[in-house]
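**Student:** Just the structure for this:
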Amino acid sequence: MMSRHCSKWARAALAAACAPAFAVAQQAADADLPSLPPVTVTATPNPLERDLLPSTTESVTSMEMAEKINVMNVEDALRYMPSLIVRKRHFGDTQDPVATRTSGLGQSARSLVYGDGVLLSALIGNNNTFATPRWGMVTPEEISRIDVLYGPFAAAYPGNSMGAVIEMTTRRPREFEAGIDVSGAWQTFKLYGTNDNYGTYQVNAYVAGQSNGLGWWLSGNHLDSHSQPLGIATVTRPTNPSAAGTPIAGAYADQNRLGAPIAVLGATGFEHQVQDNAKVKLTYDFTSDVQAFRAALAEVVADGGGDYPEALDEAFAEAVAAPSWRDPATTLQLMFLVADAPPHVERQVSGYDESVRSAVSRGIKVFPVASSESDDQAEAVFRQVAQATGARFVFLSYGAGGAATGPSTDIDSTDYEELALEDLVVRLVAEEVAALTGNAAVVPPPSSTTTTVPPEQ
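**Tutor:** A predicted model of the protein is given here:
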């Protein structure tokens, strides 16, 4: 027993004696190691994380598509999704609806397909013919990820989502890239007197890139597809043929699936699809080049309109989804939404409330700026957007006779501070920066006189 205790103490003493020397040696070795720049990892969020939806979701990324799935058309990427089927009969099929556990192939309007938030489903019918999604609007090369949301769990989507919602998110290349893909297929059909070969070929080409914040994607696709026969024409063959009538030769005597005698006339449903698609996609991302931003802003012209409501909801959705917003934990994210009319609140597909939820989940504060002739509905929407995102409501005021400043305003408010718009924007940004950093707000002196309109007594 004594020897065992001595052995333990000896090992402890040896470890204690070696520890400082090892630490010094490790520090010296660390000092010789080169320092590496930080690595930034980015990923496209799925709708479940982006919009905080309580849905069951399955996803497939572009990497998984390239490694595991033979994708010739974009709908092929859904081939292995659970509880989902796309009836694709041949390459280039224009009658390929989506079916789920709750909605069959003849109920195309019971599921929704989106590409970057744009509805691709054809809600002009509910069938498996002309009312199928327009899959050709998105090419496999531009896919970043595809997400399938099962069931009508989220109010962010209309009632047509009772089966499933398919969200296809495309990517925005940060550097110049180009690609071309040529694919083909060939098959033989030999049955009931039809003996032929049917071939298909497809050519995809694209160029994409980004310059001074402007991202662009140009692509073209040509498909020439000969389908296999899609059906067999038959007629009932009587058990006891009649002697009357003109005998017909060339049919094939056979039985149907119930064992009843039939005459097979031959193959039917031959389709020859020729499709040509061209696509141009432009996005203007955030830029650190102030001069480039000023130049782009100077080209913006407000024109048209005059009718209520307007497409504010579409512009709002694009502003939230398209640019590369950063991590809200380390970056101040502000948006100034300038409008003079309310959005289309009656839209079933994508409303402004969906964009508000997305902005909140991404940490984006939205400052609505109500322009001239904004009515009560517009004011209510603008105040709601500002309150939900933690921002402030801004509106324009005018002087008598169209003067630049003055107490005249279309907004129902009697207690506000009047300031030149450019000075007000600078102050709001400075206050938000101060709140983020914990420092005092540094606000330059205003370029014009500040007027405080007291509340009515």
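
**Student:** Go ahead and confirm Met81 touches Val148.
**Tutor:** Yes: counting by C-beta atoms under 8 Å, Met81 does reach Val148; the two are 5.5 Å apart. The C-beta positions use only the backbone N, C-alpha and C, and glycine is treated the same way.

**Student:** what touches both of those two?
**Tutor:** Residues touching both Met81 and Val148 by C-beta atoms under 8 Å, 6 or more residues apart in numbering: Glu58.

**Student:** Show me which of these two is the more surrounded one.
**Tutor:** Using other C-beta atoms under 10 Å, the more surrounded residue of Met81 and Val148 is Val148, with 25 against 19.

**Student:** and the more buried one, that's in a helix?
**Tutor:** No: counting by DSSP: H, G, I helix; E, B strand; the rest coil, Val148 is not part of a helix but strand.

**Student:** got the contact list for it?
**Tutor:** Counting by C-beta under 8 Å, 6+ apart, Val148 touches 57-59, 78, 81, 84, 164-167.

**Student:** Okay, and which of those map to strands?
**Tutor:** Filtering the contacts of Val148 for membership in strands, criterion DSSP state E, returns 57-59, 84, 164-167.

**Student:** From these, keep the buried residues only.
**Tutor:** 57-59, 84, 164-167 (16 or more other C-beta atoms under 10 Å).

**Student:** from those, which single one is nearest Ser227?
**Tutor:** Nearest to Ser227 among those: Leu84, at 23.1 Å, using C-beta to C-beta.

**Student:** At the geometric centre of the protein, which residue sits there?
**Tutor:** Note on the chain: the residue nearest the mean C-alpha position is Asp116, at 3.0 Å, using C-alpha atoms, centre = their mean.

**Student:** Hmm, Thr170 and it touching each other?
**Tutor:** Yes: counting by C-beta under 8 Å, Asp116 does reach Thr170; the two are 5.5 Å apart.

**Student:** how close does the closest residue to Tyr308 other than its chain neighbours sit to Val369?
**Tutor:** Using C-beta to C-beta, 6 or more residues apart in numbering and skipping residues adjacent in sequence, the residue nearest Tyr308 is Ala341, 5.2 Å away. Distance, Ala341 to Val369, using C-beta to C-beta, to the nearest Å: 13 Å.

**Student:** the more surrounded of those two?
**Tutor:** A side-by-side neighbour count of Ala341 and Val369, using other C-beta under 10 Å, places Ala341 first with 21 against 18.

**Student:** Remind me which helix or strand the more buried one belongs to.
**Tutor:** Under the criterion DSSP states H and E, no helix or strand holds Ala341.

**Student:** Tell me the predicted confidence for it.
**Tutor:** Note on Ala341: pLDDT of 84.

**Student:** Low-confidence regions, the stretch 201-350 of the chain specifically.
**Tutor:** Where the stretch 201-350 of the chain drops to pLDDT under 70, the residues are 213, 245, 247, 302-307, 345-350.

**Student:** Could you tell me which other helices and strands the strand or helix carrying Asp181 packs against?
**Tutor:** Using DSSP H and E, Asp181 maps to strand 177-191. Using 3 or more C-beta pairs under 8 Å, 6 or more residues apart in numbering; DSSP states H and E as the contact test, the elements touching strand 177-191 are strand 194-211.

**Student:** and the strand it packs on, which strands flank it?
**Tutor:** The pairing partners recorded for strand 194-211 under DSSP bridges are strand 177-191 (antiparallel), strand 214-226 (antiparallel).

**Student:** Would you mark the buried spots in the shortest one?
**Tutor:** Think strand 214-226. Neighbour-count burial for strand 214-226, counted by 16+ other C-beta under 10 Å, picks out 215-217, 219, 221, 223-226.

**Student:** Now those residues in TSV, please, with extra columns for distance to Asp254.
**Tutor:** Formatted as TSV, the buried residues of strand 214-226 follow (distance: C-beta to C-beta, whole Å):
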residue	distance to Asp254
Gly215	59
Trp216	57
Trp217	52
Ser219	47
Asn221	41
Leu223	35
Asp224	34
Ser225	29
His226	26
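
**Student:** Show me which of those is closest to Thr200.
**Tutor:** Using C-beta to C-beta, Ser225 comes nearest to Thr200 of the buried residues of strand 214-226, at 4.2 Å.

**Student:** Mind listing the residues bridging to the closest one?
**Tutor:** Note on Ser225: beta-bridge partners Thr200, Gln273, judged by DSSP bridges.

**Student:** how close does it get to Asn204?
**Tutor:** Distance of Ser225 to Asn204, given as C-beta to C-beta: 14 Å.

**Student:** Same question for Asn70.
**Tutor:** Asn70 sits 14 Å away from Asn204, going by C-beta to C-beta.

**Student:** again, but for Gln377
**Tutor:** From Gln377 to Asn204 the distance is 46 Å (C-beta to C-beta).

**Student:** Compare those two and say which is more crowded by neighbours.
**Tutor:** For Gln377 versus Asn204, the count of surrounding residues by other C-beta under 10 Å is larger for Asn204: 20 against 14.

**Student:** does the more buried one really touch Glu141, like I thought?
**Tutor:** Yes: between Asn204 and Glu141 there is a contact under C-beta under 8 Å: 6.3 Å.
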